[in-house]
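Asker: coordinates only, sequence not included:
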């Protein structure tokens, strides 16, 4: 959504001041260069904080003047990066408007990022939530749990908006400045009141209850699907093991069958598993097949309790499995026999 009147944040104000000074312009000079009929005091009022809002047209004109460009899209991206909000006529996703932490900015590995998530939740977030609530009074605990419930519902119904919400850096509020502290509380609760009205209007709690009932149904279905995948794994394993050393083994067909009946079956029971735990499903050699089978074994062990599965080595002979690994590791490339 286009924002016609834009709040001038401190970050935006400081950026304007630093850019202007680096160009060697006075605020009077830059006001006149920007045009749009402004007085020479226009920019001075912005930089001093006297002016609280600015039109989109004026902000773009100011930045195009400082950048010495007619490319509106270029300066729009720069401004959005400073404000962390969309000011263009085209919609942007929440993650395009968030400043990525330097801790994660150079990490492009899915598995590594998921490991970071697990560590952050287990070592930092969950202990901090517990510690924060532990010493509270009964009334405070009730309020804190209600707030956490609202966050969970938000995450459940619309994770995009939930992540946009928790991106607000509330740690910037000074605990020593009571006025700033209570203004922040009032601002946040005012936003909350607006969205509480939407909960009533859109019957969101009733929808959550309905979705939860649906989830219970699919939970049963998904568990059944995973059990079928494990049974298929057992059957294919036994069939492959019985053919070790045989000249008649059609490895291409085994790969196709394994992916169809095991890998893709697990994907049905746990969507996106092929993007994370079982990325090795694209198989071209015997060694890659062995790696994928091992990844599936690890998955069955890791999610044993989530899906009420038997321990994998109670249904698969580990010595036979090692023999199969050795066979596959020496197999070479897998070709389609026509």
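Answerer: Sure, I can see it. If you're wondering where the values come from, they're calculated on a predicted model, not measured in any experiment.
Asker: Could you list the buried residues of the longest helix along the chain?
Answerer: Secondary structure of the chain per DSSP state H: the longest helix is helix 204-242. Judged by neighbour count using 16 or more other C-beta atoms under 10 Å, the buried positions of helix 204-242 are 204, 222, 225-230, 232-233, 236-237, 240. Bear in mind the C-beta positions are built from the backbone N, C-alpha and C, glycine included.
Asker: what does the helix or strand where residue 79 lies contact?
Answerer: Using DSSP states H and E, residue 79 sits within helix 72-83. Applying C-beta atoms under 8 Å, 6 or more residues apart in numbering, the external contacts of helix 72-83 come out as 6, 9, 11-12, 15, 59-60, 63-64, 67, 69, 86-88, 92, 97, 99.
Asker: Now the buried members of the residues you listed.
Answerer: 6, 12, 15, 59, 60, 63, 64, 86, 87, 88.
Asker: from the residues you listed, which is closest to residue 327?
Answerer: residue 86 (56.3 Å; C-beta to C-beta).
Asker: Does that closest one fall in a helix, a strand, or a coil region?
Answerer: With DSSP: H, G, I helix; E, B strand; the rest coil as the basis, residue 86 sits in coil.
Asker: That one is in contact with residue 92, isn't it?
Answerer: Yes: the criterion here is C-beta atoms under 8 Å, and residue 86 meets it with residue 92 at 4.7 Å.
Asker: Would you map out the domains in the protein?
Answerer: 5-96, 110-203, 208-329 (automatic domain parsing).
Asker: for residue 15, what are its contacts?
Answerer: Here residue 15 is in contact with residue 82 (criterion: C-beta under 8 Å, 6+ apart).
Asker: As a check, name the ranges of all helices in the stretch 201-338 of the chain.
Answerer: Listed in chain order, the helices of the stretch 201-338 of the chain (DSSP state H, counting those that start in this stretch) span 204-242, 251-258, 264-269, 286-302, 312-315, 318-329.
Asker: Now render these as TSV, adding distance to residue 118 and mean pLDDT.
Answerer: What follows is the helices of the stretch 201-338 of the chain, written out as TSV (distance: least, C-beta to C-beta, whole Å; pLDDT from 0 to 100):
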stretch	distance to residue 118	mean pLDDT
helix 204-242	21	95
helix 251-258	28	94
helix 264-269	20	96
helix 286-302	12	95
helix 312-315	22	95
helix 318-329	27	95
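Asker: Could you save these as JSON lines and add columns showing distance to residue 140?
Answerer: As requested, those are exported to JSON lines (distance: least, C-beta to C-beta, whole Å):
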{"stretch": "helix 204-242", "distance to residue 140": "23"}
{"stretch": "helix 251-258", "distance to residue 140": "54"}
{"stretch": "helix 264-269", "distance to residue 140": "41"}
{"stretch": "helix 286-302", "distance to residue 140": "37"}
{"stretch": "helix 312-315", "distance to residue 140": "46"}
{"stretch": "helix 318-329", "distance to residue 140": "52"}
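Asker: Distance-wise, check the residue located most distally from the centre of the chain relative to residue 25.
Answerer: Relative to the centre of the chain, and counting by C-alpha atoms, centre = their mean, the farthest-placed residue is residue 247 at 48.0 Å. Residue 247 sits at a distance of 82 Å from residue 25 (criterion: C-beta to C-beta, to the nearest Å).
Asker: And residue 191, by the same measure?
Answerer: Look at residue 191 and residue 25: by C-beta to C-beta, they are 38 Å apart.
Asker: Those two: which has the busier surroundings?
Answerer: residue 25 (17 against 12; other C-beta atoms under 10 Å).
Asker: which stretches of this structure have low pLDDT?
Answerer: Residues of the chain that meet the criterion pLDDT under 70 lie in 1-4, 337-338.
Asker: Throw the buried ones among the contacts of helix 72-83 into a markdown table and include distance to residue 268, thanks.
Answerer: Formatted as a markdown table, the buried ones among the contacts of helix 72-83 follow (distance: C-beta to C-beta, whole Å):
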| residue | distance to residue 268 |
| --- | --- |
| 6 | 47 |
| 12 | 48 |
| 15 | 49 |
| 59 | 49 |
| 60 | 49 |
| 63 | 50 |
| 64 | 52 |
| 86 | 36 |
| 87 | 42 |
| 88 | 39 |
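Asker: Sort out for me which of the residues you listed are in strands.
Answerer: Residues of these located in strands (DSSP state E): residue 6.
Asker: ok, and for the helix holding residue 79, which residues are buried?
Answerer: Those would be 75, 76, 79, 80, 82, 83, for helix 72-83 by 16+ other C-beta under 10 Å.
Asker: after it, next one along is what?
Answerer: Following helix 72-83 toward the C-terminus (DSSP H and E): helix 110-119.
Asker: Could you list the residues in contact with that following helix?
Answerer: Residues contacting helix 110-119 (C-beta under 8 Å, 6+ apart): 104, 107, 275, 276, 279.
Asker: and the next helix or strand after that helix, how far from the chain's centre?
Answerer: Downstream of helix 110-119, the first helix or strand assigned by DSSP H and E is helix 126-134. Distance, stretch centre to chain centre, for helix 126-134: 23 Å (C-alpha atoms, centre = their mean, to the nearest Å).
Asker: How many neighbouring residues does the residue lying closest to residue 335 once chain neighbours are set aside have?
Answerer: Excluding the flanking residues, the one nearest residue 335 by C-beta to C-beta, 6 or more residues apart in numbering is residue 252, at 6.4 Å. Residue 252 has 15 neighbouring residues, counting by other C-beta under 10 Å.
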